[in-house]
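In: Need a 3D model of the sequence below.
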Amino acid sequence: MCYTLAPKKQVFKNMSRIPEEIIRRVIEATDIVQTISAYYPLKRAGRNFKTNCPFHQEKSPSFVVNPDKQIFHCFGCGAGGNVVSFVTLQEHLNFPEAVRFLAQKVNIEIPDQFTGDNHEHHERQLIFDVNLAAAEFFHKTLLSDKSENAQKARQYLKDRGVELETVKIFQLGFSADKWDDLLDYLRLKNFPLSLIEKAGLIIRRERSEGYYDRFRGRIMFPIFDTQGHCRAFGARAIEKSQEADGAKYINSPETLVYTKGHHMYGFHLAKSVITQDDQVVIVEGYMDCLMPYQAGFHNVVASLGTALTVEQIRLIRRYTHNVVMLYDSDPAGLSAMMRSFDTLIEENIDVSVVTLAEGDDPDSFIRSYGAEALKARITAAQNVFDFKLDYLLKQHDSQTPKGKARIAGEMLPTIYRFPNAVEQDEYLRKLAKKVDISTEILSAEYKKVDTQLSQRISNRIEEKDFVVQVTTRTVERDILRLIIEEKRFIALTKKEIAPSDFHDETIRTVITQIYQLFEQGQSTDIAHLISRFEDPKLRQLISALMTEETPPSADKDKMHADFVGRIKQDRQKVSRHEIVDAIKAAEKSGDYARLEELKIKFNQLLSK
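Out: Numbers count the residues shown, from 1 in each chain. Model (predicted):
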């Protein structure tokens, strides 16, 4: 594979936007209901479909998909748009990447020269390229380098029971214990220093000019996304002296293509089996993932040593709703797992937990007891409620009032997050029996939790930047909805009302775009109109308008005339107020010529 790059000044020479005609074909060939239902179950609700919103936590579905207009909108958090908008949010892609993603699914070819519409998109692809080159270099070093440290790395993996085939499948590597080994290699491949730095592979020297390799003398674990792009690296020390001087593990910094907590190790290998088995086993670290995979558990992924994030959980939910937690039995592992439970339940995931003996982790358990023993543990996994309750009963004395209160205080928020009222009731009864508290008292405490969490969730939704504030006046919203639904009203509206007559800035922006498209003879269909806007607030405004329930009207011409008349009246009111303010200013300044001019103008307005 050749990594030679074009000269820097030519990198973006042939880049241009994906043509509108191609975008239109992709949108028309893609059904939004089929696309979203591939990720989340949709239920028919009249002419629409509904589900719990994937982009915020909720109990009652407020996420609406309209198959006629090919749009979606959440009335809880405000997220909305067309099928491309959904993919950008769901897959964490920018607009051109989302169009390409959908184009591949409907077999529409996008020529290579249309790689994106901005510098950032191209730079992301170059970082993928440099990461891939680094991964291949590290892998080759591990497999064939004759240095003493490379031999130690191979011996380390052999001692841990990692087979050569596993090394190749996961593309494990080794970074030589040199300051510029990778740097020199990538420079020979014509990658610019600025790009290598942006990928997080080198660090700028503080006291002198130049750079040095971030990873030195470590086993390398490339982290791939679901599409097989190398996003980042984890690196493990093989010498005790390295652990003393620094960390056992170091990782890539956050970059343009890598955000901590958005990816899971091994997911690109496991995703098809996860779908097939309808179950995923989640472990903490790299070796905890490697060893079960090697033993035949191909639905195992690693959270990379932290509590699961919402982004990771939503990634999982695209493939299965059944999660088995298989974390280390040490305090750190238990703590990370406990912090994940409520979020998993809130995201409608069925969670069970495998218990290992103290001191064991999935890696050591496999090597000590074998695959069949681990399979038996997974089969016998405890449901999340029972596991958490048993854990708390060991931590607190359930015979004392303080112990009872602490156990109940930890369990009630978890019970609240279960979406099914029958489950909630059953778990409340079970908790009451275990800690010997009357169900009446427990129910009273539960209601307090209900109120507190509802307010907290509501506050969190309100804080989101993309929530559309309903501050627009009704008439402006109504006329915008009408001209989107009925194209024949665009010319009439344009003749009577200028964009400047709209007080709401977001509506004014959308109206301006509709007028421009109309003048150019281009489509103003909802799905295509949404694609014209990068600002989520504008996309969400359109999706919100077009999914709102409106009473049917037999006379839309009368409605349109009424809307135009009211906006004109408002325009005159604003003009009168502006002239009155100008008259006051002229009187104050003694500008009598200007004053007479303004009075004439004011009288002309009054006579209209």
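In: right, and I23 touches V99 too?
Out: Yes. Here I23 lies in contact with V99, judged by Cβ atoms under 8 Å, at a distance of 5.8 Å. For every residue, glycine as well, the C-beta is placed using N, CA and C.
In: More neighbours: which of the two?
Out: When neighbours are counted by other Cβ atoms under 10 Å, I23 and V99 differ, and V99 comes out ahead with 27 against 24.
In: Next one: that one from G78, what distance?
Out: Counting by Cβ to Cβ, to the nearest Å, the separation of V99 from G78 is 23 Å.
In: what is the mean pLDDT for stretch 90-101?
Out: Throughout stretch 90-101, pLDDT has a mean value of 84.
In: With stretch 365-382 instead?
Out: Within the predicted structure, the mean pLDDT of stretch 365-382 is 94.
In: what's the overlap in contacts for I23 and V99?
Out: Jointly contacting I23 and V99 under the rule Cβ atoms under 8 Å, 6 or more residues apart in numbering are V84.
In: Flag every buried residue along the longest helix anywhere in the chain.
Out: For the chain, the helix that runs over the most residues, judged by DSSP state H, is helix 556-589. Within helix 556-589, the residues that qualify as buried are 559-560, 563-564, 566-567, 570-571, 579, 582-583, 586, counting by 16 or more other Cβ atoms under 10 Å.
In: Then stretch 313-333?
Out: 313-329, 333.
In: can you map out the helices along the stretch 301-450 of the chain?
Out: 310-317, 331-346, 362-369, 371-379, 384-395, 401-417, 421-435, 439-463 (DSSP state H, counting those that start in this stretch).
In: hmm, back to that, which elements pack onto the longest helix of the chain?
Out: helix 474-485, helix 489-496, helix 592-607 (3 or more Cβ pairs under 8 Å, 6 or more residues apart in numbering; DSSP states H and E).
In: Now do that helix against helix 474-485, angle only.
Out: Here helix 556-589 runs at 140 degrees with respect to helix 474-485, directions being taken by axes from the mean of the first three to the mean of the last three Cα atoms, to 10 degrees.
In: Where does pLDDT dip in this structure?
Out: Flagging of the chain using pLDDT under 70 yields the residue ranges 1-16, 112-121, 241-246, 305, 450-473, 549-554, 592, 595, 598-599, 601-608.
In: domain ranges for it?
Out: The domain map for the chain lists 8-105, 119-251, 267-380, 390-462, 474-602, with the assignment taken from automatic domain parsing.
In: Out of those, flag the one nearest V257.
Out: With distances scored as Cβ to Cβ, the stretch of those nearest to V257 is domain 119-251 (5.0 Å).
In: can you redo the domains of the chain as a markdown table with distance to Y258?
Out: What follows is those, written out as a markdown table (distance: least, Cβ to Cβ, whole Å):
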| stretch | distance to Y258 |
| --- | --- |
| domain 8-105 | 11 |
| domain 119-251 | 4 |
| domain 267-380 | 11 |
| domain 390-462 | 25 |
| domain 474-602 | 22 |
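In: sorry, back to before: would you format the helices of the stretch 301-450 of the chain as a markdown table with distance to Q513 included?
Out: Listed next are those as a markdown table, based on distance: least, Cβ to Cβ, whole Å:
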| stretch | distance to Q513 |
| --- | --- |
| helix 310-317 | 31 |
| helix 331-346 | 38 |
| helix 362-369 | 54 |
| helix 371-379 | 54 |
| helix 384-395 | 48 |
| helix 401-417 | 42 |
| helix 421-435 | 46 |
| helix 439-463 | 28 |
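In: Nearest to F215 among these would be which one?
Out: Judging the helices of the stretch 301-450 of the chain by Cβ to Cβ, what sits closest to F215 is helix 362-369, at 21.8 Å.
In: list the buried ones in the closest one?
Out: For helix 362-369, the buried set under the neighbour-count rule, 16+ other Cβ under 10 Å, comprises 362-366.
In: now swap in stretch 51-61 and tell me
Out: In stretch 51-61, counting by 16+ other Cβ under 10 Å, buried: 51-59, 61.
In: could you dump it to PDB, C-alpha only?
Out: Output of stretch 51-61 as PDB, limited to C-alpha atoms (Å, rounded to 0.1, in the frame of the first residue of the first chain):
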ATOM      1  CA  THR A  51     -40.000   5.100  19.700                       C
ATOM      2  CA  ASN A  52     -38.000   6.300  22.800                       C
ATOM      3  CA  CYS A  53     -35.600   8.900  21.700                       C
ATOM      4  CA  PRO A  54     -32.100   7.600  21.000                       C
ATOM      5  CA  PHE A  55     -30.500  11.000  21.800                       C
ATOM      6  CA  HIS A  56     -31.800  11.600  25.300                       C
ATOM      7  CA  GLN A  57     -33.100   9.500  28.100                       C
ATOM      8  CA  GLU A  58     -36.900   9.200  28.400                       C
ATOM      9  CA  LYS A  59     -39.600   6.800  29.600                       C
ATOM     10  CA  SER A  60     -42.400   7.600  27.200                       C
ATOM     11  CA  PRO A  61     -41.700   7.700  23.500                       C
END
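In: any idea how far that stretch is from the chain center?
Out: Going by Cα atoms, centre = their mean, to the nearest Å, the spacing between the C-alpha centre of stretch 51-61 and its chain's C-alpha centre is 14 Å.
In: what's next to it, contact-wise?
Out: Applying Cβ under 8 Å, 6+ apart, the external contacts of stretch 51-61 come out as 36, 39-43, 50, 62-63, 65, 74, 76-77, 79, 89-90, 314, 317, 346-348, 419, 457, 460-461, 464.
In: Now with 7 Å, please.
Out: Contacts to stretch 51-61, defined as Cβ atoms under 7 Å, 6 or more residues apart in numbering, come from residues 39-43, 50, 62-63, 74, 76-77, 79, 89-90, 314, 346-348, 419, 457, 461.
In: ditto for stretch 176-195
Out: Applying Cβ under 7 Å, 6+ apart, the external contacts of stretch 176-195 come out as 3-5, 8, 126-127, 130, 133-134, 137, 141, 145, 147, 149-150, 175, 196, 201-202, 211-213, 216-217.
In: what about 6 Å?
Out: Taking Cβ atoms under 6 Å, 6 or more residues apart in numbering as the criterion, the residues outside stretch 176-195 that touch it are 3-5, 126, 130, 133-134, 137, 149, 196, 202, 212-213, 216-217.
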